[in-house]
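**Q** Below: sequence and its predicted model.
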Amino acid sequence: MKKVALLFAGQGAQFVGMGRDLAKEFETGAYWFEKADSLLGFKLSSVCFEGPLSELTKTINTQPAIFVVSWIAFQLMKEHLPGFEFHAVAGLSLGEITALVASDALDFEEGLRLIYLRGKYMQEACTATVGGMAAIIGLDRQTVEKVAQEASVFVANYNCPGQIVVSGPAANIPKVIELAKAAGAKRVVPLEVAGAFHSPLMNPAVEKLAPIVRKLKIRTPRVPVLSNVTAKPHGDPDQIRSLILEQIVSPVKWEDCVRYLLENGFTRFIELGPGTNLSGFMKRIASATQVEVMNVGDVPSLRSTIATFQACAQ
């Protein structure tokens, strides 16, 4: 039997209209949007379906929005494939919280509240400090780490070979762009983000979120959940609490998480949530002969992935 890993989307995958067809087509989709709207006390569904983009891209909205769409995709997979089994989960940044909920370490309600407050406090940290980010294309890790240090910024995301994101004070981003280009980067792309995510500039968010995290009712995950911080499975509830906070100010070791799964025999990967960013990273990390990569983010991709599983079962 092939080992299946679920991959949950992170910030940057959002788009206006996401989740709308899932809610329109399936009662399950409508139910979870209604539940989220009720728990949050505002129409997150309207922000997802109608925007405007300026509202959806606010961190306080983006994070719960992606969480809910990803959760619905997960629920629909289970609903349409009786006996559906998966053997590990991982998620990019906020997607790690979704992965913890999918593993039964957290309840949906607690996960949604955590994600909402995480986004709220991160947005407040962005307002308090002027930060920026840039994606560096075509350099190896050591070179990026060197130019980041010289420019007084931080590595934020090790996404895949040749794509690494740096983060730090906005005033230092032009310097790292200049140094990266001089070091031979194919491209350096300043990112349209609210602030310096996954850097020490997010420490105020950690301080505000810490009392919330300490009170979370966390269970031992029923399948391994990869930590962005360590690129290894989470351990007991106390370690999970610690890593949830540490992740906000630490680099996302996404490539390392995927390589851990590959080294442990995983060959089938399903990206859950809006967009296909993680599928794109996977193609840069693993060869097409090594793995199968599918995604579920809307009705057509759901039907395609279900059909693939059903065909394999015959």
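**A** Alright, I've got the coordinates. Just so it is clear, the structure is predicted and the values come from calculations on it, not from any experiment. Numbering: from 1, shown residues only.
**Q** Hmm, R241 is touching R214, no?
**A** Yes: contact criterion Cβ atoms under 8 Å: R241 and R214 qualify, at 6.5 Å. Bear in mind the C-beta positions are built from the backbone N, C-alpha and C, glycine included.
**Q** between those two, which one's more packed in?
**A** Using other Cβ atoms under 10 Å, the more surrounded residue of R241 and R214 is R241, with 17 against 10.
**Q** Please list all residues in contact with that one.
**A** Shown in contact with R241 (Cβ atoms under 8 Å, 6 or more residues apart in numbering): 213-214, 216, 218.
**Q** want to try CSV for the residues you listed, with pLDDT, distance to S103 and secondary structure as columns?
**A** Listed next are the contacts of R241 as CSV, based on pLDDT from 0 to 100; distance: Cβ to Cβ, whole Å; DSSP: H, G, I helix; E, B strand; the rest coil:
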residue, pLDDT, distance to S103, secondary structure
V213, 96, 17, helix
R214, 94, 20, helix
L216, 94, 14, coil
I218, 96, 11, coil
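**Q** out of those, who has the most neighbours?
**A** Counting by other Cβ under 10 Å, top hit in the contacts of R241: I218 with 20 neighbours.
**Q** Now do it against K35, distance only.
**A** Remark: distance between I218 and K35 (Cβ to Cβ, to the nearest Å) = 21 Å.
**Q** And for G138?
**A** Using Cβ to Cβ, we find G138 at a distance of 44 Å from K35.
**Q** A151 too?
**A** From A151 over to K35 (counting by Cβ to Cβ), the distance is 44 Å.
**Q** Looking at the two, which is more packed in?
**A** A151 (21 against 15).
**Q** Let me see the contact set for the more buried one.
**A** 166, 168, 172-173, 175-176, 179.
**Q** From these, pick the one nearest E192.
**A** E192 lies nearest to I173 out of the contacts of A151, by Cβ to Cβ, at 12.2 Å.
**Q** Surely the closest one is in contact with I136?
**A** No: assessed by Cβ under 8 Å, I173 is found out of contact with I136, at 11.1 Å.
**Q** Averaging pLDDT per element, find the lowest-scoring helix or strand in the chain.
**A** Least confident element among the helices and strands of the chain, by mean pLDDT, DSSP states H and E: helix 299-313 (a mean of 88).
**Q** Check which helices and strands that one sits against.
**A** Judged by 3 or more Cβ pairs under 8 Å, 6 or more residues apart in numbering; DSSP states H and E, helix 299-313 is in contact with helix 20-25, helix 59-80, strand 292-296.
**Q** Just name the most buried of the ones you listed.
**A** helix 59-80 (a mean of 24; mean count of other Cβ atoms under 10 Å).
**Q** tilt between it and helix 299-313?
**A** Using axes from the mean of the first three to the mean of the last three Cα atoms, to 10 degrees, the direction of helix 59-80 lies 40 degrees away from that of helix 299-313.
**Q** where along the stretch 51-200 of the chain do the helices fall?
**A** Assigned by DSSP state H, counting those that start in this stretch, the stretch 51-200 of the chain shows helices spanning 53-56, 59-80, 94-102, 108-128, 141-150, 173-182.
**Q** Count the residues that sit near the nearest residue to A196 once chain neighbours are set aside.
**A** The shortest distance from A196 to any residue other than its chain neighbours is 2.7 Å, reached at G131 (Cβ to Cβ, 6 or more residues apart in numbering). Neighbours of G131 under the rule other Cβ under 10 Å: 23.
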